[in-house]
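Trainee: Okay, here's the prediction I keep looking at, along with the sequence it came from:
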Amino acid sequence: MSSTTASTALAAPAEPDVEPTRERDRGRGRGRGRDRGRDRNREREGNQEREGERKGEGEHTPPQVPVIWLALLAAPVAAGANAPVLILPDMARSLGVGTATATWMVTAFAWAMAAGTPLLAALLRRYGFQPLLRLSTALVLGGTALVALAPWLPVALVGRVGQSLGGAGLVAAAMNLAGSARRMGVISSGFGVLGAAGPLLGATLTDAVSWRLAFGVSAVAVLAVPVVARYTRGTKPGGGGFDARGAALLIALATSLILLPTAPLPALTAASLTIVVLALHIRRRPEGFVPVQLLRSPLFLFSAALGGTLSTTYFTLLFTVPSLLRDRADWSKGAIGTGQLVTLLTASALSWLLAASAVRLGRTVVRAVLITVGAAAITTAVFATSGVLLLLAAGAAAFAATGANATLSMHAASAPTPSHRPTAIGLFALSYQLGGAFGPGVATVLVLG
């Protein structure tokens, strides 16, 4: 090579390779396009979430009630549901029955809560908040009075059903007034906190006064009724007819499903027949108690199914983990109670953080978190022998279930038209409450039995 050619080669930089550069530019463009696509999807989900929160604003939505009052309106029912856990022997002796028979007080409450939630949500849709609040208050107070004075178990059962139906109405009102996942998270966290404290609270009140006082803790919710009633005064109901046959069929289906763990074959037969009859009824009356629009909504169906699954997981572990801690880790009763209480309280607080971030995270991420944590809870409970890991399993299940109640209920409510919003929330709550009925039965079959 000559010196001239060499100097020219040194002086003039080599011409850049155009094709790789263009390819890199196209790659960066595709990457930016994917990022923009993800951002648009997340923004669209956030807009849909906010739109779901605004649904029904017209004549159906009252001024926003301070969320602390909504939590007080709804959360005491969780304490009332769990208060009997440690005091069933005391109650059984007082009523002159066996402890196994006394567990019907728990079963009756779970049945009435599951069946009553969609029923009272339909009442809300047709008549509005004021009649619902009045009826629910009367049921809670009347049921509490019956339990306090009942000389026999059947009378106490009637009172327990009244407490549960009234509580279901107050919960339906609170959920419909929440309006956002963040506010729903506060309500769900209140559920988790008082639900976790319920057994200890019930035992303390029984030791200090009587088991009858422990069964009255859910009546604390009526303190919030005057405030909520003031905020909802003047709102107009949605109107429309009441589908009595559809309501009866849905209650029959819920009853059959609740009995599935204890009487599998009769319950399965009854549930199958009821599903067929209910399906035929929905075809004849698509805007009835179970609107066909909801059954055709993948968002509603997925939210309700996932919420029910995570609820079942939580209530199963709630009853099995104490036994596993005793058998596998040799923990004392006091250590189990304290450890479970702290774990569940922490899980309830963390679930609020998930609910507060739900719109920013987007539906896909929220679902992924709930499914992952719920699956980890089951896996840990099956294989762990350490007491700490078993408590973490219970906490993970509580986090997933409480977070699902806060976030997925808002997803379900955003699926239908505004007029169906109370119905969507009621049917989602039915799915969630069925987990509370399935869990103890599954626990009995797997561990306690």
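Mentor: It's in.
Trainee: Not counting its own residues, what contacts stretch 65-78?
Mentor: For stretch 65-78, the external contacting residues (CB atoms under 8 Å, 6 or more residues apart in numbering) are 113, 164, 167-168, 170-171, 173-175, 177-178, 183, 186-187, 189-195, 198, 217-221, 223-225, 227-228, 231-232. C-beta coordinates here come from the backbone N, C-alpha and C atoms, glycine included.
Trainee: The stretch 1-150 of the chain: helices as residue ranges?
Mentor: Under the criterion DSSP state H, counting those that start in this stretch, helices of the stretch 1-150 of the chain are mapped to 3-11, 18-54, 67-74, 76-82, 88-95, 99-102, 104-127, 129-149.
Trainee: between these, which gets the lowest average pLDDT?
Mentor: For the helices of the stretch 1-150 of the chain, mean pLDDT drops lowest on helix 3-11, to a mean of 37.
Trainee: show me where pLDDT drops low in this protein?
Mentor: For the chain, applying pLDDT under 70 flags the ranges 1-63, 237-241, 416, 444, 447-449.
Trainee: Against Leu354, how distant is the residue nearest in space to the middle of it?
Mentor: The centroid of the chain falls nearest to Asn405 when counting by CA atoms, centre = their mean (3.1 Å). Here the criterion is CB to CB, to the nearest Å. By it, Asn405 lies 11 Å from Leu354.
Trainee: do the same with Ser297
Mentor: Here Ser297 is placed at a distance of 23 Å from Leu354 (CB to CB).
Trainee: same thing with Val228?
Mentor: From Val228 to Leu354 the distance is 26 Å (CB to CB).
Trainee: for Leu389, same thing?
Mentor: Between Leu389 and Leu354 the distance is 22 Å, computed by CB to CB.
Trainee: who has more neighbours, the two?
Mentor: Neighbour totals were compared for Leu389 and Leu354, and Leu354 leads with 24 against 14 (other CB atoms under 10 Å).
Trainee: circling back to that earlier point, counting only helices, which of the contacts of stretch 65-78 make the cut?
Mentor: Within those, residues falling in helices by DSSP state H are 113, 164, 167-168, 170-171, 173-175, 177-178, 183, 186-187, 189-195, 198, 225, 227-228, 231-232.
Trainee: How many neighbouring residues does Pro226 have?
Mentor: Neighbourhood size, Pro226 [other CB under 10 Å]: 11.
Trainee: Output the helix or strand Leu430 falls within as CSV, restricted to C-alpha atoms.
Mentor: Per DSSP states H and E: Leu430 is located in helix 421-443. Extracted C-alpha coordinates of helix 421-443, given in CSV (Å, rounded to 0.1, in the frame of the first residue of the first chain):
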residue,chain,number,x,y,z
ARG,A,421,-73.7,-2.5,39.5
PRO,A,422,-75.4,-3.5,42.8
THR,A,423,-76.3,-6.9,41.4
ALA,A,424,-72.7,-7.5,40.2
ILE,A,425,-71.3,-6.6,43.6
GLY,A,426,-73.9,-8.8,45.3
LEU,A,427,-73.1,-11.8,43.1
PHE,A,428,-69.4,-11.3,43.5
ALA,A,429,-69.9,-11.2,47.3
LEU,A,430,-71.9,-14.4,47.1
SER,A,431,-69.0,-16.1,45.3
TYR,A,432,-66.6,-14.8,48.0
GLN,A,433,-68.8,-15.7,50.9
LEU,A,434,-69.2,-19.3,49.5
GLY,A,435,-65.5,-19.6,50.2
GLY,A,436,-66.2,-18.9,53.9
ALA,A,437,-68.6,-21.8,53.8
PHE,A,438,-66.4,-24.2,51.8
GLY,A,439,-63.3,-23.5,53.8
PRO,A,440,-64.2,-25.1,57.2
GLY,A,441,-65.7,-28.1,55.4
VAL,A,442,-62.6,-28.6,53.3
ALA,A,443,-60.5,-28.2,56.5
